[in-house]
Structures are given as structure tokens and as C-alpha cells.
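1. Give me coordinates for this.
(3 chains)
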Amino acid sequence: MFRTCLENVREMMPLIHNITNYVTVNDVANALLACGGSPIMADDEADVEDITTICGGLNINIGTLNARTIPSMFLAGRKARELGHVIVLDPVGAGASRMRTETAISLMKELRPHAIRGNISEIKTLMGWGGSTKGVDADLADAVTEENLSSVIARVKQFAEEINSIIVITGALDLVCNASRCYVIRNGRPEMSRITGTGCQLSAIVTAYLTANKENDLEAAAAAVSLMGLAGEIGWSRMQKGDGNATYRNRIIDAIDLMNGDMLEKGADYEVC
Amino acid sequence: MFRTCLENVREMMPLIHNITNYVTVNDVANALLACGGSPIMADDEADVEDITTICGGLNINIGTLNARTIPSMFLAGRKARELGHVIVLDPVGAGASRMRTETAISLMKELRPHAIRGNISEIKTLMGWGGSTKGVDADLADAVTEENLSSVIARVKQFAEEINSIIVITGALDLVCNASRCYVIRNGRPEMSRITGTGCQLSAIVTAYLTANKENDLEAAAAAVSLMGLAGEIGWSRMQKGDGNATYRNRIIDAIDLMNGDMLEKGADYEVC
Amino acid sequence: MFRTCLENVREMMPLIHNITNYVTVNDVANALLACGGSPIMADDEADVEDITTICGGLNINIGTLNARTIPSMFLAGRKARELGHVIVLDPVGAGASRMRTETAISLMKELRPHAIRGNISEIKTLMGWGGSTKGVDADLADAVTEENLSSVIARVKQFAEEINSIIVITGALDLVCNASRCYVIRNGRPEMSRITGTGCQLSAIVTAYLTANKENDLEAAAAAVSLMGLAGEIGWSRMQKGDGNATYRNRIIDAIDLMNGDMLEKGADYEVC
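-> Residues are numbered from 1 along each chain as shown, chains lettered A, B, ... in the order given. This is a model prediction of the structure:
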């Protein structure tokens, strides 16, 4: 029942602590507000423990990681774990540089996040499955397709079991897997790759959904992924002649803002494997 | 005469130095341009004194404060004070962490800003009036209402006198107080809380208004607050079916951009206590 | 043939490494996607060499330079030069502070960028031609006009020869010069100065255009400048009653996204001196 997951977020209005990149941070904040959560950003070592303490969930995104913020990610993460808060990791660009790969793996191992969301190349890098990368975008050679779907799912389930996390892989097909089940989600539009930040927004929304749906985490993560894809579809349907990627960016967040349980329940397009 | 305050900003085009958070910084820049000011952002210790010297006002916002930028805030502030420039402080999240509370209080005490703008929880924290907080949003328990309005105003006037600053508290009701007078402003829309950054934008605009209206500072701050609320109303009136918070964000800045003295004078909804 | 320049970018989809300011970084990313490139942002000393290695071009923008990112600019730049990658420098605010002026000149001298893009005041500062500045905007006294055009071009060509770079000066008239030729481009709208970031976007787009058109660099830079100005014209033509600078910002990026070779070829307004 994706409907219930959405309604729980809108009712609880979870406060989410984000340590995220400065490229998409404004969209992340507005997308969190749109989905019913409440954002706060703090990334200084002296600030993050206090801030994460008053929040319900922590979203760590390494998109513009640096020597100052990496220690803050670990500090905030340890405190969040100690308090039993939800932690989501977005390993932006893992595979694209040694610093990103090593930091993402260390965060994964030490913080044991409840969910990790990335594109297939980033997740393959974390799995040690030889993912390549095209910067912060997935490499075409890594793409999840109808042909390789069942073998990818099998390996991702195994990885989810090993690290005891929900693994969210987004792309043309989206996967949301734990050790035993995998949602294959077919919502979304290819044009979403022409704007920056839908992945970052989704990681923040997944954090809010997990925070407000702790008893039902796999479904909550799947609901968040479906919400984002459906917002991409609805946003696209509202595009007028002359509109391009900047307007599409706004339309997607608008659609998240206006989404209700009925729309999500009806529009979600997925199967469980 | 709010009209004159607005026209003075459009004529002077004051250059405003912003040391602000990376979440809403782009909206702050575009809102400053929209209101008739000119923005510059600089936050390195080696850069801020030169930059603030060529500006007319300094807007300090602690939304994503860190060990590197806090010393820059003090350096820029001391230079601005030495030069007689306007200083505005936005104590984002004061009360939410020890670092934010202590930094905001130190900035207030050492820089003696011409105005401080925050939500009621942040201002209560600065006043030592036991404000609670919900991250960067005001706590509902702190809300200024018609019922507690006169007692809140009395205490805020006293605080304004103690620290010799204009105190701007925004929420459902907005207050702009000095030691002797208080504007109670009823412009704005509740939906403004569904987008990030209207508070940050307002602090920057207050800086521009004070810079261009030094002889008439309380009214200038009130004009800026009324402008922001009225832009929220006009922006909301232009929302179409399917528009959500991302579009609303743009509509508000658009309305600031198109505002003139007549519109502000006619649309302002306030009383002076 | 600006058409070919544009089509080469859309076909190659060059990955561009940006070390840029946090004010306009989101617009830079979306503008790069809109023009057919692919953005990645990384600014930590331990990250920039790996990241620039997988890219085709490097865009260095000093808009919010600081003690942490300046060494990263040099490190990334040296690696990019070693690899034969395109480097573009955007000296935001050169002339407005000693730190900005000195850093811009050092980057220019040590990295020998393929192109430098700034407003006339910033470029005059780099030339040692006594440019003044109004923060990050050009000083009116420096403006390139029909009257001083030929003398400005002569000096800029000489400077381009001295430093062996393409010099791009944007304003009411745009100049794209090397030692022997200068494109004078008359696309654009004065209203573009009412939004932040069109200059930053253009520097990133110039990087993409140079990366995808190495054999034809002066024309590629001119095509990028014409594209930006034409997008400003098209975006302006789509403005509705009630639209202001926030909507205009989106309309310009939209127009970049929808531009094709025919439109650019037909809409470009320039002469070569």
C-alpha cells in the first residue's frame, strides 16, 4: 500500500538532516518539503551531532564531498545510528574517483545505512562488481535491461543480504531490493536524465519515507521511488511548447507537491520479484 | 511611505555582501536583483574585508555556518561596522544546536547588527526567552497569535531597546519592532512555508532596504517585510492548476521583480503599535 | 558554421569538470545538460585530479573562491593541461578584491587557459588596463560601445596574442577574440543582467563547445556566446504578463535545451573584425 506510506509522511512531517552537495541542495530542500518532510542542512563537525539528534532521519550524499565534510558525515552517521535514526547513503560518483569510491565504501561499512540509492554504476562499484562510470551518470554498459534483469536482481539481493541494507538502483528500470524481495518499478521518463538532481532529491525523499514508515521499510522505499518516477511522468505531461529542462525541473517538484495517496496508488507501475 | 522606501532601493541599486548558506543562495541573489539591489557573495577570510568595503550593506545568514565561514562573518562584520555599513543578521536554526545558538548570540553581541530577522523560535532563543525549535522552522508552541500579540510586542520592544537593533519576526503575523514602535504586518500566505528560502531572501532584501533608506530604517524594514508578503500573495494568485511549490518559488521572486511603489503602497496590510 | 559547433556538442556530449561557485552552480549544471554536455562538480584537492582525468574539459570559476578550493583549481588545472584538456577561466569579481585579482592572474599565468570569459571590468583587470568594478558586475565606465569598439578590439587582440588565449567579453556587445580575429556578437537582451548566473552558465557552455570543437576553437567559442544570447532573446519572447526574473531564468535554460543547429545558424547576429 504505497498510499499509506505517502500519507504517513504527510502526517508525520519528518525532519530530515541532509549532508549533501551544493549543486542540487536547493532542489533537495524543496523536494523534501513537497513530499511532506522538512529539511535541515548542516555539515560542520561541531554542528552535525546536535542537528541530527533533533531529526528523524539522515541523508548523506557525497556529490561534492570534501576534507571538511567527510568527517562530519561519519560523526553525524554514528550519532544517527546510536539514536536509531534512519540513514540513507547516496554514493554520487562512486567509481569516478578513488576518494569517492573509498569514502562511499567506508560510509557503507561503518554506518550500515538503512538504504543506499545510486545509479547502477555506483552500486556496482560498492558491490565490487566492476562498475564503470561516466562521471556522475551511469555507464551505458552497466544498464539494467529486461534481458539482464533477473541476474542483476539475484546479485543485488545477495548484496542487500550481505550488508543488511535496502538497495535502490535507479535508471530506465528502478530496483528496490532487500535480501528476499525486489520491487521492479517502471515509472519515470527518460527526459529526467536531462536535469540535474532527481537522484539527489529521491535519496532525500527515501529518507523521509523510511523515517515515517519504519515498520514497512522496503515498501516505503519503493513508494518513494515510484513517487519520483510518477512525478516525472506527470511533470512531463504538463510540458508546453517551448518548455525545456529548466521548466521540467520545476514541474517534477510541483508534481511531488500535489501528489496524494490515490494518485500514487493508481499511478505506480511495478512488480515484486 | 513604503512607496518611497521601494523607490529608493530601485534608484540606489545597493550592492549587498552576503555571507549566506548554500541551500538558498541562488534565490537570495535573484531576489536581491528582483528588488533592485545587486548581490555579491564572498566568504573567505582573505576576501571578505575587501568585498564588504565596496558594498553598502552586509547580510550574515548562519544557515550552513562552518568553522571556515564563522571567522569570515566576524571579520566582515567588524569591517562593515567600522565603515558604517548596514548589517543584518539571520540566525537560521538558533536554538537547534549549540553551535548555531552560540554563534548567533556572539554575532549579535559583537557586531550589533542594525536588524535581526528570524522566526519567533530563533528570536526567542536570542532573547533568552526559552524558544524551542523545529530545526529551521518555528515551533508551533512559540507562534505569535492575535491572543498573545500585545505581550509579545512588549517583550520584543524591550529586547530591541536592550540591543539597539530592529527586530524582525516573520510568521503568520510579522513584527518589525524597535524600542518604541512595532509594525504588525498581515501580508503573506501560509503556503510560503512550503518552499525553502523566503526567510533568507527577506533578510537580504531587508539589508538592501536599510542600505537605501538609512534615515528611515524601521519603516524601510517594514516595507521590505510587506513587500515579501505581498509578493507571496501576488505569486499565489498566479498559480495555475498543476502548479506546486517549485513554481510558487518562481512566482514569488517574479512578483518582487515586478513590484512598484504604487502596488506596495496599496497592497501593504499593517498597523503600527 | 555555428550549426556544426552545436551539433558536435550534442553528438559528443562532453563531460565537463566544474570548480565553480555555489551561487549559480545548479544553473551551470542544468545549462550544461541543456546544451548537450554533461556536468560534474568536484573541488577537493584529493578528488579533482581523478575527476578531471575522466572529463574532456575543465571550467574554473572563482565566484566564491576560498582557501580550500584555490589549491584545487591549480591542481585540477595542471592535470587538465598535462592531459591536453580544454581549460576555461571565469575570473568572477577580478578587480573587486585583492584575493580575486591575484588568484585570477595566477590561474591565467600558470594554467594558460584556452579561453577566459568575463565582463569588461574583469578582463581589463587581467589586462592591467585599469578596469574598475561594481562587485561582480561590470562598471558602466568600462562598457564596450559602438564608439570605442575598434580600439577595444585592437587591445583585446593584442592581449589574446600575449597570453595565447581566446578572450570572451560579454556585455551589451559581446567580443570573442584571438590574436587575429574578433567576433562581435549582438545577440542577447538587457534583461539578462536582472538574473544571476548567465555569465557562469556561458563559461561552462564555452568549455563544452571548445571540448567538442578543438579544431575550430574561436568559432566554437563564438557559437557558444551567440547561443547564450539567442537563448536570452527566445526566452524573453516567451515571457507572459506577470513573469519576472525567476521565470526568465528558467526560460533561458529552456531555450538552450531546445536550440538546434538551424535555429542557431539563423538567429546568430555577428560580424567578424
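2. wait, what's in contact with the residue nearest the centre of chain A?
-> In chain A, the centroid-proximal residue (C-alpha atoms, centre = their mean) is A:S203; its distance is 2.2 Å. Counting by C-beta atoms under 8 Å, 6 or more residues apart in numbering or on different chains, A:S203 touches A:59, A:61, A:88, A:90, A:117. C-betas here are computed from N, CA, C, even on glycine.
3. Tell me how far the first one lies from chain C.
-> From A:N59 across to chain C, the span is 18 Å (C-beta to the nearest C-beta, to the nearest Å).
4. from the stretch 1-150 of chain A, which residue is nearest to chain B?
-> Proximity of the stretch 1-150 of chain A to chain B (C-beta to the nearest C-beta) peaks at A:D50, 3.4 Å away.
5. Mind listing what's buried along the helix or strand harbouring the residue nearest to the centre of chain A?
-> Applying DSSP states H and E as the criterion places A:S203 in helix A:198-212. Within helix A:198-212, the residues that count as buried by 16 or more other C-beta atoms under 10 Å in any protein chain shown are A:198-212.
6. In stretch A:251-260, which residues are buried?
-> A:251-259.
7. Could you tell me which residues of the stretch 101-250 of chain A lie near chain C?
-> A:133-137, A:194-197, A:242-247, A:249-250 (C-beta under 8 Å from any C-beta of the partner chain).
8. Got a ChimeraX select line for the buried ones in these?
-> Buried residues within these, by 16+ other C-beta under 10 Å, are selected in ChimeraX with:
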select /A:133,134,135,136,137,194,195,196,197,243,244,245,246,247,249,250
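9. and the residues of the stretch 101-250 of chain A next to chain C near chain B, which?
-> Within these, those near chain B by C-beta under 8 Å from any C-beta are A:249-250.
10. Just the residues of the stretch 101-250 of chain A next to chain C: which are in helices?
-> Counted as lying in helices by DSSP state H, out of these, are A:245-247, A:249-250.
11. Surely A:Y183 and A:L218 touch.
-> Yes. The pair A:Y183 and A:L218 passes the contact test of C-beta atoms under 8 Å, sitting 7.3 Å apart.
12. what sits in contact with each of the two?
-> A:V176.
13. Do me a favour and get the end-to-end distance for stretch A:176-186?
-> Distance between the two ends of stretch A:176-186: 12 Å, counting by C-alpha to C-alpha, to the nearest Å.
14. Show me which residues of the stretch 151-273 of chain A are close to chain B?
-> A:238, A:249-258.
15. Swap in 7 Å and give it another go.
-> Residues of the stretch 151-273 of chain A lying close to chain B (C-beta under 7 Å from any C-beta of the partner chain) are A:238, A:250, A:253-255, A:257-258.
16. How about the stretch 1-150 of chain A?
-> Proximity of the stretch 1-150 of chain A to chain B, by C-beta under 7 Å from any C-beta, involves residues A:15, A:22, A:25-26, A:29-30, A:33-34, A:38-44, A:46-47, A:50-51, A:54, A:68.
17. of those, list those near chain C.
-> Within the residues of the stretch 1-150 of chain A next to chain B, those near chain C by C-beta under 7 Å from any C-beta are A:22, A:26, A:68.
18. And the residue in the stretch 1-150 of chain A positioned nearest to chain C, what's its pLDDT?
-> Nearest to chain C in the stretch 1-150 of chain A, going by C-beta to the nearest C-beta, is A:S97, at a distance of 3.5 Å. pLDDT recorded at A:S97 is 97.
19. got the contact list for it?
-> Counting by C-beta atoms under 7 Å, 6 or more residues apart in numbering or on different chains, A:S97 makes contact with C:47, C:50-51.
20. Select only the buried ones of the residues you listed in PyMOL?
-> Restricted to buried positions by 16+ other C-beta under 10 Å, the PyMOL selection for the contacts of A:S97 reads:
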select buried, chain C and resi 47+50+51
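21. If we check chain A, which of the contacts of A:S97 are in contact?
-> Applying C-beta under 7 Å from any C-beta to the contacts of A:S97, those adjacent to chain A are C:47, C:50-51.
22. if you look at those, which of them are in strands?
-> Secondary structure defined by DSSP state E assigns none of those to strands.
23. Switch the ones next to chain C among the residues of the stretch 1-150 of chain A next to chain B over to TSV; also include secondary structure.
-> What follows is these, written out as TSV (DSSP: H, G, I helix; E, B strand; the rest coil):
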residue	secondary structure
A:Y22	coil
A:N26	helix
A:R68	coil
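24. related to what we said a few turns ago, return the closest of the contacts of A:S203 with respect to C:A224.
-> A:N61 (30.4 Å; C-beta to C-beta).
25. what's around that closest one, how many residues?
-> For A:N61, the tally of surrounding residues (other C-beta atoms under 10 Å in any protein chain shown) stands at 25.
26. any idea how far C:D254 is from A:Y248?
-> The gap separating A:Y248 from C:D254 is 8 Å, by C-beta to C-beta, to the nearest Å.
27. Mutual contacts of these two, please.
-> By C-beta under 7 Å, 6+ apart, no residue touches both A:Y248 and C:D254.
28. Next, see if the strand or helix carrying A:M73 gets close to chain C.
-> Element membership for A:M73 (DSSP H and E) is helix A:69-82. No. No part of helix A:69-82 sits near chain C under the criterion C-beta under 7 Å from any C-beta; the closest distance found is 8.6 Å.
29. buried residues in the helix or strand hosting A:L264?
-> Per DSSP H and E: A:L264 is located in helix A:261-267. Neighbour counts using 16+ other C-beta under 10 Å place A:261, A:263-265, A:267 of helix A:261-267 among the buried residues.
30. Repeat that for stretch A:211-228.
-> By neighbour count on 16+ other C-beta under 10 Å, the buried set for stretch A:211-228 is A:211-213, A:216-228.
31. Out of these, which sit inside helices?
-> Per DSSP H, the buried residues of stretch A:211-228 map to helices at A:211-212, A:217-228.
32. CSV for these, including pLDDT?
-> Below are these laid out as CSV (pLDDT from 0 to 100):
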residue, pLDDT
A:T211, 98
A:A212, 98
A:D217, 98
A:L218, 98
A:E219, 98
A:A220, 98
A:A221, 98
A:A222, 98
A:A223, 98
A:A224, 98
A:V225, 98
A:S226, 98
A:L227, 98
A:M228, 98
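33. In contact with the residue in the stretch 101-250 of chain A positioned nearest to chain B: list those residues for me.
-> Going by C-beta to the nearest C-beta, chain B is nearest to A:N250 of the stretch 101-250 of chain A, at 4.0 Å. Residues counted as contacts of A:N250 (C-beta under 7 Å, 6+ apart) are B:246-247, B:250, C:250.
34. hang on, isn't A:V48 packed against A:S72?
-> Yes. The pair A:V48 and A:S72 qualifies as a contact (C-beta atoms under 7 Å) at a distance of 4.8 Å.
35. Need the overlap of contacts for the two.
-> Jointly contacting A:V48 and A:S72 under the rule C-beta under 7 Å, 6+ apart are A:I19.
36. between these two, who's got more neighbours?
-> Comparing A:V48 with A:S72 by other C-beta under 10 Å, the one with more neighbours is A:V48, at 27 against 23.
37. Identify the residue spatially nearest to that one, adjacent ones excluded.
-> Among residues not flanking A:V48 along the chain, A:A76 sits closest, at 3.9 Å (C-beta to C-beta, 6 or more residues apart in numbering or on different chains).
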